[in-house]
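Colleague: model this:
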Amino acid sequence: KIPSIEKFAEIGEFVDRPVKTYSSGMFVRLAFAVAIHMDPDILIVDEALSVGDIFFQQRCIRRIQQLKQQGVTILFVSHDLEAVRSLADRAIWMDHGKVHLEGKTDEVVSKYLAAMITRGRQEIMQEEALGKPLVLPSDLELSVEALARIPKFIDWWSG
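Modeller: Predicted coordinates:
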């Protein structure tokens, strides 16, 4: 299986060097390649797709999907919501080590996104004083037509 592992990991001549000389990305590439070539019953993938270029990430996703079709149980841990959506049948949202929500992937991801957007808005509101003027970059050019519409929009929005 070693030639297949080397081919999948794509770390070239580094495969013959001591692992302690690897970058973290090279180490994860090799570890993932080894894990998927061991015919696992259960595969735990914890943020492993965050390393490497888009081609490596896509190859990993395809391989995970193949393993899933073969009946392998996969525990996929990630902040990459698109990868979660494409790979997971069910999802668990963890928050500070506790299960916050468990269910269908689309439902959990949607509620997670909504919560993060709300949290972000609250953090912004706490950091910035109310009524503080919006600072625009000096190179931002607004057309006369756009400038004329701003007061109408503000009136419409507040009404």
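Colleague: distance of the spatially most central residue of the chain from Leu87?
Modeller: Most central in the chain under CA atoms, centre = their mean is Asp80, positioned 1.4 Å from the mean C-alpha point. For Asp80, the distance to Leu87 equals 10 Å [CB to CB, to the nearest Å]. Where you see a C-beta, it was placed from the backbone N, CA and C, and this is true even at glycine.
Colleague: hang on, isn't Leu30 packed against Ala9?
Modeller: Yes: taking CB atoms under 8 Å as the definition, Leu30 is a contact partner of Ala9 at 4.7 Å.
Colleague: Give me the common contacts of the two.
Modeller: The contact sets of Leu30 and Ala9 overlap at Val15 (CB atoms under 8 Å, 6 or more residues apart in numbering).
Colleague: Confirm Trp93 sits in a strand?
Modeller: Yes: membership of Trp93 in a strand is supported by DSSP: H, G, I helix; E, B strand; the rest coil.
Colleague: So for stretch 99-112, mean pLDDT?
Modeller: The average pLDDT within stretch 99-112 is 92.
Colleague: that older thread, which residues sit in contact with the residue nearest to the centre of the chain?
Modeller: Leu49, Ser50.
Colleague: Perfect, I'm done here.
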